[in-house]
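Enquirer: the following block contains a protein sequence and its predicted model.
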Amino acid sequence: MKKIYIILLIIFSLTAIFSCSDNLKEMNKGEEKLILSAKGTDTLAELNAGDSGINFSWTTGSNSGTDAAINYTLQITISGQNFTGAYSVNLGQGTYSMSYTQKELNNILLNELSATPGEKQTFQARITATVANEAVAAQTSDASFATVPYKPVTQTLYITGTSTPGGTDLDGAEEMKLSSTGVFTWTGTLTKGSFKFITAAGQELPSYNRNASKGDNSTLIYRNSENDPDDEFSTDSTNTYTVTADLLNLTMKIKASEVVVAPYDMIYIVGSFTDWKFIEMTPDPVNSCIFRYGAVINWNGGGEFKFGTTSGSWNNMYHPTEPDAPYTWTEVQQDDTGDNKWSIAEDECGKPYKMYLNITPGKEYFHMEEFTPYPGLYLVGDATPNGWSIDEATPMAASGDYTFSWTGILTAGELKITCDKQSDWNGAWFMASEEDKLLVPGTETALFVDKSISSNADIDRKWKVAEAGSYTLTINQLTEQITIEKH
């Protein structure tokens, strides 16, 4: 038996030796001369970032019949610099070509070689073949190519002007979202006025303005000097707009939202159960014309209520269209004639209710229903202990009639809260009030979404955990408020 072990040890040792030596061996390449060729595009363009920028290919070169392996190194430099400070990449063995997209080549030329964008320049490439045998000298072959690098467009863009929320204060310019290379979008309220785009908050230049020479309200022009025209785009009315700026194609698109701008920033519920005090409702995170309220409605000598538009003011209130309307009455009017109110009976009080008022002009609507809390809430997401497994979603603990809490470690990533762990992911959820909302200490509105409703199918907002650590999350299903603590 001992002899068998010795024989096996010898076999394994020889195998290892031969395997190591194979890395230094290569079939006889004879005396083939090393020749490099380069085929590229004359002008690089960010619009064609993913297209082919250049392709290098070369012959094998010679190992002078030694069977030694050949290692290849590719270098690129500006012509005339004799490869001083050249970009260099070791390609290893058995590689006889190398390609770069226009974006990749442009990054090399600008960032590694400090080439000048917008100017046609000549560059030199060199392939070096190094033989794993000191008796064989290294071989080189050069090839030149000429191209025009481009200056990449900005990675940040801001909207500013008299029609924007920040006005003409450049420090208050609204940041736009980069949706793809050179394309930025922004959604928000614009009033009647004008706007343009700046590349850095607080800095007037460089900017993208309206190209007045085109005679339209949709063509961009790059402005880099105070002497350049400072024409702006215009809006004719106040509304919610989605603005898209395409810096590569120099186009601007603006689309008015179908949702009308809310006539009031805040709505107040006032009634007998509030002691006729004006209580703020919660603005809906998705529709600015909807205001929500959740509470246990207690009998207080009556069950009447209506809605105010200014705290303490009995003018311009929202009423039901009938006097003493039941809480299930949905029709709404706004005027100062009469004093219609909704009314909830004494035996209907002492229970939790959720309600919302839609003040979209011409489409006013009220909805109220008794609330049945979900028996459990669960954390889902790659920031949570059990990741994206909805079956193994991390449970929160009940800490009150409508409140659930959880304390533990969150990693960097995303999370949302499922109310029912529905396997098709189309159940009920509490989500962040906006996409990629940072999870930071404080109390904020949690967006309740029933994804079984077809119009909600595309809503998928998550909290983003940027800083890993120990957190306590407390959410109230009734008031739809979440409190975040970091320990």
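Expert: Cool, the structure landed. Residues are numbered from 1 along each chain as shown.

Enquirer: for S144, what are its contacts?
Expert: Taking CB atoms under 8 Å, 6 or more residues apart in numbering, we find S144 in contact with A38, S79, T122, F123, Q124, A125. C-beta here means a position set from N, CA and C on the backbone, and glycine is covered the same way.

Enquirer: buried stuff in the helix or strand where the last one lies?
Expert: This points to A125. Taking DSSP states H and E as the definition, A125 sits inside strand 121-131. Burial within strand 121-131, assessed by neighbour count using 16 or more other CB atoms under 10 Å, is assigned to Q121, F123, Q124, A125, R126, I127, T128, A129, T130, V131.

Enquirer: adding pLDDT and distance to Q333, write those residues out as TSV.
Expert: What follows is the buried residues of strand 121-131, written out as TSV (pLDDT from 0 to 100; distance: CB to CB, whole Å):
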residue	pLDDT	distance to Q333
Q121	96	72
F123	97	74
Q124	97	79
A125	97	77
R126	97	81
I127	97	81
T128	97	84
A129	96	86
T130	97	86
V131	95	91
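
Enquirer: now render the residues you listed as TSV, adding distance to A262.
Expert: Below are those laid out as TSV (distance: CB to CB, whole Å):
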residue	distance to A262
Q121	56
F123	58
Q124	63
A125	61
R126	65
I127	65
T128	68
A129	71
T130	71
V131	75
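
Enquirer: ok, these vs K103, which is closest?
Expert: Nearest to K103 out of these is F123 (CB to CB; 16.5 Å).

Enquirer: wouldn't the closest one be in contact with Q75 here?
Expert: No - here F123 lies out of contact with Q75, judged by CB atoms under 8 Å, at a distance of 10.5 Å.

Enquirer: and stretch 450-465, end to end?
Expert: Taking CA to CA, to the nearest Å, stretch 450-465 runs 24 Å from one end to the other.

Enquirer: still on that earlier bit, quick one: list the elements packing against the strand holding A125.
Expert: strand 36-40, strand 52-58, strand 70-78, strand 139-147 (3 or more CB pairs under 8 Å, 6 or more residues apart in numbering; DSSP states H and E).

Enquirer: switch the cut-off to 6 Å
Expert: strand 70-78, strand 139-147 (3 or more CB pairs under 6 Å, 6 or more residues apart in numbering; DSSP states H and E).

Enquirer: and stretch 397-412, end to end?
Expert: Counting by CA to CA, you get 22 Å between the two ends of stretch 397-412.

Enquirer: list the buried residues of that stretch.
Expert: Buried, per 16+ other CB under 10 Å, within stretch 397-412: Y402, T403, F404, S405, W406, L410.

Enquirer: and those as CSV, adding pLDDT and secondary structure?
Expert: Listed next are the buried residues of stretch 397-412 as CSV, based on pLDDT from 0 to 100; DSSP: H, G, I helix; E, B strand; the rest coil:
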residue, pLDDT, secondary structure
Y402, 95, coil
T403, 96, strand
F404, 97, strand
S405, 97, strand
W406, 97, strand
L410, 97, strand
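
Enquirer: out of those residues, which one sits closest to I70?
Expert: For these, the nearest to I70 is L410 (51.4 Å; CB to CB).

Enquirer: quick check: that closest one touching P385?
Expert: No - judged on CB atoms under 6 Å, L410 makes no contact with P385 at a distance of 8.4 Å.

Enquirer: deepest-packed of the helices and strands packed on strand 121-131, please.
Expert: Of all these, strand 70-78 has the most neighbours on average by mean count of other CB atoms under 10 Å, namely a mean of 20.

Enquirer: chain center to that one, what's the gap?
Expert: Distance of strand 70-78 from the chain centroid (CA atoms, centre = their mean, to the nearest Å) equals 38 Å.

Enquirer: what lies in contact with the next helix or strand after that strand?
Expert: Following strand 70-78 in sequence order, the next helix or strand is strand 87-93 (DSSP H and E). Strand 87-93 is contacted by residues A69, N71, Y72, T73, L74, Q75, I76, I108, E112 when judged by CB atoms under 6 Å, 6 or more residues apart in numbering.
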